[in-house]
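[1] no letters, just coordinates:
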C-alpha cells in the first residue's frame with residue numbers, strides 16, 4: 001500500500017488532499033497544529049494524525065517511508081506575514097527546509113509536492129503570468145514562498161530529490177471558511193442595503209476549485225521531471241466585482257455593492273495564470289466558477305443552518 005504524508009493536514013487544502021488520497025487507496029499520515037479526535041481524523045481521511053511542528057524528528061516518529069509528501073504546512077496569509085514576518089518565515093521557510101532535509105537523509109525516493117503561490121512574482125501587467133516571469137514579491141509571504149521554492153530547486157538539483165511546485169492561484173471550495181468567497185457571503189447575508197469591500201473591484205483573480213487542484217496533483221504523479229514549477233489555475237480571470245456580484249445575486253439580491261478604493265497592501269492587482277505548461281499535462285479545469293460558487297453558497301447556507 002502506498003503511503004502519503006500531508007503536512008498541514010488539518011487545513012483546507014491538506015484535509016481535501018488527505019480525503020482524496022485515502023479514496024485512492026493510500027495510507028494517510030498527517031502532521032500539523034491543533035488537535036483532531038479519531039472521528040475528526042477519519043472524517044478527513046487520515047489514518048494517522050500527529051499534532052506537532054513540521055520537523056525531521058516529528059516526521060521520523062511515524063517510522064515510515066513515504067511514497068508521496070504533500071507539504072501544505074506553513075503560513076497562508078499575506079496579512080499575517082506583514083504583521084508577523086518572523087513567525088511567517090519560521091512557518092513557511094523552516095518547515096519546508098525540515099521536509100527537504102528529512103527527504104535527503106531518510107526518504108530520498110519520495111515525491112514532494114509543494115503548493116506555492118504566484119505571490120513569488122509580485123505585480124504583473126493584466127495578462128497571463130508565465131512561470132518563467134521573474135518579478136518582485138509584494139509581501140513577506142511572497143518572499144518566503146520564493147525562498148522555499150529556491151530551496152526545493154536546490155535540493156532537487158544537488159541531491160536528486162523529486163520535487164513538483166504548484167503555484168496555486170485563488171483556491172476555493174466547500175469547507176473554506178476564510179478569504180473572499182466566505183467573507184463576501186457573510187457580509188452580504190447580514191447586510192441591509194449596502195456592503196463595502198476593499199479595493200476598486202477591478203482587481204482580477206484566477207479562481208480554481210480545490211477538486212481541480214487535486215486533479216493537477218494526480219497528473220504530476222506521472223511526471224518524469226526531477227523538478228518542475230507549474231501554475232495551478234484555470235487560465236480565466238474574473239474581477240473581484242464580478243465575483244462579489246455573483247455571490248450577491250445568490251444570497252441577497254437587493255444589496256448594493258461598493259468598494260472603498262483603497263489599496264490592499266501586499267496583494268497584487270492582477271492574478272491570471274498562463275496555462276501553456278500545465279496543458280502539456282493534459283489538464284483542463286472541470287469546475288466552472290459560476291457552478292463552483294453556487295455549490296459553495298449552498299454549502300455555506302447549510303453551515304449557517
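    Cool, got the structure. Values in this document were obtained by computation on a predicted structure and should not be read as measured data.
[2] the domain parsing of this protein - what is it?
    3-170+209-232, 172-205+236-272+287-304 (automatic domain parsing).
[3] TSV for those domains, including distance to residue 279 and mean pLDDT?
    C-betas here are computed from N, CA, C, even on glycine. Output for the domains of the chain, formatted as TSV (distance: least, C-beta to C-beta, whole Å; pLDDT from 0 to 100):
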stretch	distance to residue 279	mean pLDDT
domain 3-170+209-232	10	96
domain 172-205+236-272+287-304	13	92
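[4] pick the most deeply packed of these.
    Greatest average neighbour count among these goes to domain 3-170+209-232 (a mean of 19), per mean count of other C-beta atoms under 10 Å.
[5] returning to that earlier point: tell me which of the domains of the chain sits nearest to residue 281.
    The closest of the domains of the chain to residue 281 is domain 3-170+209-232. By C-beta to C-beta, the value is 4.4 Å.
[6] Three-state assignment for the residue nearest to residue 23 when sequence neighbours are not counted, please.
    Leaving out its chain neighbours, the residue that sits closest to residue 23 by C-beta to C-beta, 6 or more residues apart in numbering is residue 45, at 7.0 Å. Recorded secondary structure, residue 45: coil (DSSP: H, G, I helix; E, B strand; the rest coil).
[7] let me have the domains of the chain in TSV, adding distance to residue 280 as columns.
    Below are the domains of the chain laid out as TSV (distance: least, C-beta to C-beta, whole Å):
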stretch	distance to residue 280
domain 3-170+209-232	9
domain 172-205+236-272+287-304	19
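[8] for residue 59, give me its contacts.
    Contact analysis of residue 59 by C-beta atoms under 8 Å, 6 or more residues apart in numbering lists 5, 31, 98, 99, 102.
[9] which residues touch the residue nearest to residue 23?
    So residue 45 contacts 15, 18, 19, 20, 21, 22, 23, 28 (C-beta under 8 Å, 6+ apart).
[10] which of the contacts of residue 59 sit farthest apart?
    So, these by C-beta to C-beta: farthest apart are 5 and 98, at 12.0 Å.
[11] ranges for the helices of the stretch 1-150 of the chain?
    With DSSP state H, counting those that start in this stretch as the criterion, the stretch 1-150 of the chain has helices at 12-23, 38-43, 56-60, 78-83, 85-89, 95-106, 140-159.
[12] for the last one, give me every contacting residue.
    Under the criterion C-beta under 8 Å, 6+ apart, residues 74-75, 77-78, 80-82, 85, 88-89, 92-93, 96-97, 100, 103-104, 108, 112, 114, 116-117, 119-122, 137, 161-163, 165, 226-227, 229, 266 lie in contact with helix 140-159.
[13] repeat the analysis, applying 7 Å as the threshold.
    For helix 140-159, contacts defined as C-beta atoms under 7 Å, 6 or more residues apart in numbering pick out 75, 77-78, 81-82, 85, 88-89, 92-93, 96-97, 100, 104, 114, 116-117, 119-120, 122, 137, 161, 163, 165, 226-227, 229.
[14] what's the answer for the fourth one, then?
    Contacts of helix 78-83 from elsewhere in the structure, counted by C-beta under 7 Å, 6+ apart, are 75, 88, 119, 139, 140, 141, 144, 265, 266, 267.
[15] quick one: the strands in the protein?
    3-7, 27-32, 48-51, 68-71, 111-116, 162-168, 170-172, 194-197, 204-205, 207-209, 227-232, 238-239, 256-259 (DSSP state E).
[16] check contacts around residue 260.
    Applying C-beta under 7 Å, 6+ apart, we find residue 260 in contact with 196, 198.
[17] how close does it sit to residue 19?
    38 Å (C-beta to C-beta, to the nearest Å).
[18] got the end-to-end distance for stretch 86-97?
    End-to-end distance for stretch 86-97: 16 Å, by C-alpha to C-alpha, to the nearest Å.
[19] with stretch 61-78 instead?
    End-to-end for stretch 61-78, by C-alpha to C-alpha: 32 Å.
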